[in-house]
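*Asks:* Coordinates for the following, if possible.
(one chain, ligands or ions: 1)
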Amino acid sequence: MTDFSRYTVSIDYDRRLYQQDIAGSVAHAKMLAKQGIISQEDAAQIAQGLAGIKQEIEDGSFPWDPALEDLHMNIESRLHQTIGAAAGRLHTARSRNDQVAVDLRLYTKETIVALVRGLRGVQRALTGLAEQYHDVVMPGYTHLQRAQPVLFAHHMLAYFEMFQRDIGRFHDCHQRTDVMPLGSGALAGVAYQTDREFLAKELGFSRISANSMDAVSDRDFVVEFLAAASVCMMHFSRMSEELVLWSSGEFGFIRLADDFTTGSSIMPQKRNPDFAELARGKTGRVYGDLMGMLTVLKGLPLTYNRDLQEDKEGFFDAADTLTTTLDVFQAMLPGLKLNEERVSGLAGESQMLATDLADYLVAKGMPFREAHGIMRQLSRHCDEGNIGLNDLPIGEYKKLSRLFEPDVYDITAISSAAARDNPGGTAPGRVAAALAEAKEILEAAADGF
Ligand code: ARG
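*Replies:* All right, here's what the predicted structure looks like:
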């Protein structure tokens, strides 16, 4: 008969939770002793035995046994081998169901703290670029058509905002993950006078779960984590798309450092933006992890079902993908070289100033809709004649409105950006203030969380 036991084994991946599992067990044994449920001597032996096991895992000598299925059984069985009978008392007033829930919550909380730190690093890189190129004007786009001049710094700070929201989502998720489930037992609670608040304190949780049935079957925090990770990857994917476009010959806006481009095996001239492309591509797998988790949970009756074991691989995959993406962007962004001449040249092309010329007429009393119509005609005229608005003789302007004077030629990309002087706009003063505020946010979050 074929051996199907591999099907249920999770040890290949859940061993990543060993630190949290051991911390949870040490706290549990301590609590059991404090409550007089096991002796102090047994608790001390258990703690010592678990410390030895942690050491074995870290130096690679731990005898992992797939026949024992998961991390929890591997550790408990090894504890028996190393300390003997006392090991048998550890699982009093506990089930693997609340045990695995506490492990994953601890792990998720730690992961979030690390990811937020990484996001702060990316934000720091963005403010660095905004500062370095603070006065450079570039074309801003809608529909991927050149639309209006904007400051490059304004563009960078747009991403700062996205990552700021991502951090907010991870903070929210952290708050709902920060709930201690031990004491829920298999599903109904435990028949011992345990001290759950003590456990929460020992393990650094802010509060304890309110319902044992919910606590052993709830994986909302995993869904929320994956959702936050998906949105965050979506932001990196959008930025990646711009980096890919901008580093193309057609745009020629930026040059990425050599470390973040690769050559082609056949075309010697190529500098492919592979890292940005891969970030864009890896976004797909993180979405997949989210969809996988939602699908696992859909239709699960209360309470614990073995399906829940499928929560881990997608979670780890998304956490790893986002972690490395954050590492890459923290290293890649500071080395980005902006082709200032190219972007400011394009920003100054007069067709981009059509809105400003309409505003010019409005300033002289014309209703905006009418001014828009006139500029539309002038823009068409320029397109057909293949000439810029600034090369159009004043006589041509005057044909459409007598309000035009020779000062129409004073309108530039810089004056256009400077005119957008309202909160959230791209005027240099506004962008400088936004940059200062962004740096304050980073300073206030100096430790990253
Ligand atoms: N390996 C299991 C998981 O990840 C641990 C909990 C097992 N509980 C059980 N009743 N079989 O979900």
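
*Asks:* Buried ones in stretch 405-416, by neighbour count?
*Replies:* By neighbour count with 16 or more other CB atoms under 10 Å, stretch 405-416 contains the buried residues V408, I411, T412, A413, I414, S416. Where you see a C-beta, it was placed from the backbone N, CA and C, and this is true even at glycine.

*Asks:* Only the C-alpha atoms, please, for it, written as PDB.
*Replies:* Extracted in PDB, the C-alpha atoms of stretch 405-416 (Å, rounded to 0.1, in the frame of the first residue of the first chain):
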ATOM      1  CA  GLU A 405      -0.600  89.800 -25.200                       C
ATOM      2  CA  PRO A 406       3.100  89.100 -25.800                       C
ATOM      3  CA  ASP A 407       3.400  88.000 -22.100                       C
ATOM      4  CA  VAL A 408       1.900  84.700 -23.100                       C
ATOM      5  CA  TYR A 409       5.400  83.700 -24.000                       C
ATOM      6  CA  ASP A 410       6.400  84.200 -20.300                       C
ATOM      7  CA  ILE A 411       4.500  81.000 -19.300                       C
ATOM      8  CA  THR A 412       7.000  78.200 -18.700                       C
ATOM      9  CA  ALA A 413       7.000  74.800 -17.100                       C
ATOM     10  CA  ILE A 414       8.400  76.400 -13.900                       C
ATOM     11  CA  SER A 415       5.700  79.100 -13.800                       C
ATOM     12  CA  SER A 416       3.100  76.400 -14.500                       C
END
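
*Asks:* quick one: that stretch to chain centroid distance?
*Replies:* 41 Å (CA atoms, centre = their mean, to the nearest Å).

*Asks:* mind listing what's buried in the strand or helix carrying L226?
*Replies:* Using DSSP states H and E, L226 maps to helix 220-246. Along helix 220-246, these residues count as buried under the neighbour rule (16+ other CB under 10 Å): 221-237, 239-240, 242-246.

*Asks:* L353 reaches I411, doesn't it?
*Replies:* Yes - counting by CB atoms under 8 Å, L353 does reach I411; the two are 5.3 Å apart.

*Asks:* Look at whichever residue of the stretch 301-449 of the chain sits closest to the ligand and give its secondary structure.
*Replies:* Here the stretch 301-449 of the chain gets closest to the ligand at one residue, Q309, 3.7 Å apart by CB to the nearest ligand atom. Secondary structure, DSSP: H, G, I helix; E, B strand; the rest coil: Q309 is helix.

*Asks:* Could you find the closest non-adjacent residue to it?
*Replies:* Leaving out its chain neighbours, the residue that sits closest to Q309 by CB to CB, 6 or more residues apart in numbering is S10, at 5.3 Å.

*Asks:* Who are the contact partners of the one you found?
*Replies:* E69, D70, L71, Q309, K312 (CB atoms under 8 Å, 6 or more residues apart in numbering).

*Asks:* Of those, which is the most crowded?
*Replies:* Of all these, the highest neighbour tally under other CB atoms under 10 Å goes to L71, namely 26 neighbours.

*Asks:* give me every residue that touches that one.
*Replies:* S10, I11, D14, R15, L17, Y18, D21, D103.

*Asks:* if we go to 6 Å?
*Replies:* Counting by CB atoms under 6 Å, 6 or more residues apart in numbering, L71 touches D14, R15, L17, D21.

*Asks:* Look up how far A279 lies from the second one.
*Replies:* Spelled out, it's R15. 28 Å (CB to CB, to the nearest Å).

*Asks:* More neighbours: which of these two?
*Replies:* Set R15 next to A279 and count neighbours by other CB under 10 Å: A279 wins out with 24 against 16.

*Asks:* Could you confirm whether any residue of the helix or strand containing the more buried one contacts the ligand?
*Replies:* According to DSSP H and E, A279 maps onto helix 274-297. No - using CB under 6 Å from any ligand atom, helix 274-297 stays clear of the ligand, with a minimum separation of 11.0 Å.

*Asks:* before we move on, back to that, can you list the buried residues of stretch 405-416 in JSON lines and add distance to the ligand and secondary structure?
*Replies:* JSON lines is the format used below for the buried residues of stretch 405-416 (distance: CB to the nearest ligand atom, whole Å; DSSP: H, G, I helix; E, B strand; the rest coil):
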{"residue": "V408", "distance to the ligand": "70", "secondary structure": "helix"}
{"residue": "I411", "distance to the ligand": "65", "secondary structure": "coil"}
{"residue": "T412", "distance to the ligand": "63", "secondary structure": "coil"}
{"residue": "A413", "distance to the ligand": "58", "secondary structure": "helix"}
{"residue": "I414", "distance to the ligand": "60", "secondary structure": "helix"}
{"residue": "S416", "distance to the ligand": "58", "secondary structure": "helix"}
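
*Asks:* Having no further points to raise, I will conclude here.
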